[in-house]
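S.K.: quick one: sequence plus predicted model below, questions after.
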Amino acid sequence: MYLYNERDVERRAWERHGGPEAFDAYLAKLRERHIKKNGKSAYFAQPASYEDPKDSVQYDHTIGSAALRRAKEEMAPWLWKAYNDALDRHKNDGWYGPEYYYSRPRDREGLIASALKLAKTYPPRPAQPLPSSPSVDALRAVLADAPRIADVEWGKEVPGLAFSTTWHPEYDEWYSWTSEILQPIFEALIGVIEAHGVGDDGWASARWEVYDRYAECLQVPISYDNYDKRWSDGASGWLEGRLSPELVNGSSRGSCEAGKRYNDMLPFSHPLGLFSVGRPQS
């Protein structure tokens, strides 16, 4: 590695381009060309001392390359934000220094490309919440009472929240809603289906309210695991259609009778009743 004195480098640049003013003009020309080709939000590499905070456009590291901008155009806005927020949460992780958090375009492109494939497995998110109705209001009331891990001391079991640990394949610990919480939620979802069906006016939209509330209460947003090199969405099960009997037994739906009945009322998202939302497709 070679280290150079910044002033010496600057003087060489002045000599090459005919002085300070000529070098400024040269940089301005390069900057204008870069913006025309890549857009105002694309990063333009230049000496920090030549940046004018008043005039420069705030650099958006999530669209710092053509590949990232194309991915943004193809992805639902809420998913684009969720995947990028997941990468940004890794700030200060690892051995790369305090500012390393996939900030360089080349560090994000492959991960966002894999996220784009997963994004295509999500059903459309409704533009507006369902209008009020007795069944929809009942679901919202049950969700409002659901327990949140933010309200408890980590590791302690409280009514409605079960604390679990595992050592395989690596140590992990998490909270989940108990059957006492799940039973009324599934009953409320059944009520929505019976009143409004499984289309956009009923279950297809209502499931998103459960998805959002579950992700908030259990603190399981879309995440990227640096160790396993994979994406995960701890709430995606609420967006799934009908699951096979084998998978139901190992899911939250199998924890109570209402969950099993709820599953039988759903259309299939996957022809074999497999998990498919937010997961790699074979």
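M.R.: Arrived safely. Numbering: from 1, shown residues only.
S.K.: quick one: residue 235 from residue 63, how far?
M.R.: Separation of residue 235 from residue 63 (Cβ to Cβ, to the nearest Å) stands at 26 Å. Glycine gets a C-beta too; all of them are placed from N, C-alpha and C.
S.K.: neighbours of residue 102, how many?
M.R.: Residue 102: 24 surrounding residues under other Cβ atoms under 10 Å.
S.K.: part of a helix, is it?
M.R.: No. Going by DSSP: H, G, I helix; E, B strand; the rest coil, the assignment for residue 102 is coil, not a helix.
S.K.: so which helix or strand takes in the spatially closest residue to it that is not a sequence neighbour?
M.R.: Using Cβ to Cβ, 6 or more residues apart in numbering and skipping the chain neighbours, the partner closest in space to residue 102 is residue 87 (4.4 Å). Element membership for residue 87 (DSSP states H and E) is helix 77-88.
S.K.: now residue 67. Nearest residue, chain neighbours left out?
M.R.: residue 109 (4.8 Å).
S.K.: check which helix or strand covers that neighbour.
M.R.: helix 105-119.
S.K.: show me what counts as buried in that helix.
M.R.: By 16 or more other Cβ atoms under 10 Å, the buried positions in helix 105-119 come out as 105, 108, 109, 111, 112, 114, 115, 116, 118, 119.
S.K.: what packs against it?
M.R.: With contacts taken as 3 or more Cβ pairs under 8 Å, 6 or more residues apart in numbering; DSSP states H and E, helix 105-119 sits against helix 66-74, helix 77-88, strand 230-232.
S.K.: possible to save the ones you listed as CSV with distance to residue 45, mean pLDDT and mean neighbour count?
M.R.: Supplementary listing: the helices and strands packed on helix 105-119 in CSV, determined by distance: least, Cβ to Cβ, whole Å; pLDDT from 0 to 100; neighbours: other Cβ atoms under 10 Å:
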stretch, distance to residue 45, mean pLDDT, mean neighbour count
helix 66-74, 16, 94, 16
helix 77-88, 21, 95, 18
strand 230-232, 30, 94, 17
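S.K.: just confirm the residue nearest to residue 102 contacts residue 224, I think it does.
M.R.: Yes. Residue 87 is within contact range of residue 224, at 5.9 Å (criterion: Cβ atoms under 8 Å).
S.K.: which one of residue 235 and residue 63 has more residues nearby?
M.R.: More crowded of residue 235 and residue 63, by other Cβ under 10 Å: residue 63, with 24 against 20.
S.K.: and the pLDDT at the more buried one?
M.R.: Predicted confidence (pLDDT) for residue 63: 87.
S.K.: I'd guessed it sits against residue 69; true?
M.R.: Yes. In terms of Cβ under 8 Å, residue 63 counts as a neighbour of residue 69; the distance is 4.8 Å.
S.K.: can you give me the strands in the stretch 151-282 of the chain?
M.R.: 161-166, 172-177, 223-225, 230-232 (DSSP state E, counting those that start in this stretch).
S.K.: how about a markdown table for those, with distance to residue 38 added?
M.R.: Output for the strands of the stretch 151-282 of the chain, formatted as a markdown table (distance: least, Cβ to Cβ, whole Å):
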| stretch | distance to residue 38 |
| --- | --- |
| strand 161-166 | 46 |
| strand 172-177 | 41 |
| strand 223-225 | 26 |
| strand 230-232 | 27 |
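S.K.: for residue 242, find the nearest of the ones you listed.
M.R.: Closest approach to residue 242 among the strands of the stretch 151-282 of the chain is made by strand 172-177 (20.6 Å; Cβ to Cβ).
S.K.: so how far is residue 259 from residue 238?
M.R.: To residue 259, residue 238 is 11 Å away according to Cβ to Cβ.
S.K.: now residue 149
M.R.: Residue 149 is 21 Å from residue 259, by Cβ to Cβ.
S.K.: quick one, which of those two is more surrounded?
M.R.: Remark: of residue 149 and residue 259, residue 259 carries more neighbours, 21 against 18, as counted by other Cβ under 10 Å.
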